[in-house]
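Novice: Fold the following, please.
(chains A, B, C and D)
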2 protein chains.
Amino acid sequence: MTTRIPRRPALSAKQFDLIAKALADPRRMALLEVIGSKAESCPCHVLREQFPVSKATISHHIKELSRAGLVEPRREGQFLNCELRREVLEAYTAELLRRAGGK
Amino acid sequence: MTTRIPRRPALSAKQFDLIAKALADPRRMALLEVIGSKAESCPCHVLREQFPVSKATISHHIKELSRAGLVEPRREGQFLNCELRREVLEAYTAELLRRAGGK
DNA sequence: CTTGGAGTTCGATAGTTGTATAACTGTTGT
DNA sequence: ACAACAGTTATACAACTATCGAACTCCAAG
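Specialist: Numbering: from 1, shown residues only, chains lettered A, B, ... in the order given. Now for the predicted structure:
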């Protein structure tokens, strides 16, 4: 049988670690869930309505999520619209299974 | 017919968080990779040969990994054999995609 | 221009955690 | 019984991080 060509390029080791750390905090995971649940991009102040944290904290988490590549932030006027990058999340799960699951 | 044990048991919210945290440390992830790469169970002192950390640290990481349910430790005489629980890892990736990826 | 809202950056703090050493328990072989 | 080895537990510490308030920038509407 032919060797399977991976559909997605493997993540760099550094990005893999960044993603793992980004996902490790429950609050940040919850933020990611809200961002992913929106069909369209999600402005930060909407996130703030759903969590009892300061806007500085939201800003910090968004930065971590985009540093990991999980979220793509776009400035639009006064708003910062965040969009979930599903391919990156999928690449992470694939890599995770490849590393540990794939004996 | 008898009830089958599901191959992918649902994760509790608590276990989900524990797994995410367990995977967040690169060293612990590396340990998990070694454990998963062994066909048979993997004794701790073998792990120690591969990483420049004390046995206390190994012990600590193993404890975290089993607390998360990612590895199953079994005492056998003087050895502690660890086995990777692939179903749990797969359940985690499935839940992760369901939470964020599943719009 | 002024006011207010959206988000960032800074400094500080409290809590978490990865790591080591040392003392301990338990097992195996002599 | 003794020694050597496998792993645990306790304690301590340094590094990291989630969080906040306050001061800041940038943008839009009057």
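Novice: drop to CA atoms for contacts and neighbour counts, all remaining ones
Specialist: Fine.
Novice: Just the element for the closest residue to A:Met29 other than its chain neighbours, please.
Specialist: In space, A:Met29 comes closest to A:Leu23 once its chain neighbours are excluded; the distance is 5.5 Å by CA to CA, 6 or more residues apart in numbering or on different chains. Taking DSSP states H and E as the definition, one finds A:Leu23 inside helix A:13-24.
Novice: what about that helix and DNA strand C, touching?
Specialist: No: Helix A:13-24 lies out of reach of DNA strand C by CA under 7 Å from any atom of the strand, never closer than 8.8 Å.
Novice: Now find how far off-centre that helix is within its chain.
Specialist: Relative to the centre of its chain, helix A:13-24 is centred 10 Å away, using CA atoms, centre = their mean, to the nearest Å.
Novice: Tell me the buried residues in it?
Specialist: Using 16 or more other CA atoms under 10 Å in any protein chain shown as the test for burial, helix A:13-24 gives A:15-24.
Novice: same check, this time on stretch A:33-40
Specialist: A:33-37.
Novice: Also stretch A:41-53?
Specialist: Neighbour-count burial for stretch A:41-53 flags A:41-44, A:47-48 (criterion: 16+ other CA under 10 Å).
Novice: Average pLDDT for it, rounded please.
Specialist: The average pLDDT for stretch A:41-53 rounds to 87.
Novice: for that stretch, the distance to its chain's centre please.
Specialist: 16 Å.
Novice: any idea of the pLDDT on A:Cys82?
Specialist: Per-residue pLDDT puts A:Cys82 at 94.
Novice: Which residues are in contact with it?
Specialist: A:35, A:41-44, A:71-74 (CA atoms under 8 Å, 6 or more residues apart in numbering or on different chains).
Novice: Let's see which of those end up in strands.
Specialist: If you go by DSSP state E, those have A:42-43, A:71-74 in strands.
Novice: Could you list which of these also contact DNA strand C?
Specialist: Within those, those near DNA strand C by CA under 7 Å from any atom of the strand are A:Pro43.
Novice: what pairs with the helix or strand of chain A with the lowest mean pLDDT, and is each one parallel or antiparallel?
Specialist: Sorting the helices and strands of chain A by mean pLDDT, DSSP states H and E puts strand A:42-43 at the bottom, at a mean of 78. Strand A:42-43 pairs in its sheet with strand A:79-84 (antiparallel), by DSSP bridges.
Novice: right, is the strand it pairs with up against DNA strand C?
Specialist: Yes: if you take CA under 7 Å from any atom of the strand as the test, strand A:79-84 does meet DNA strand C, through A:79-81.
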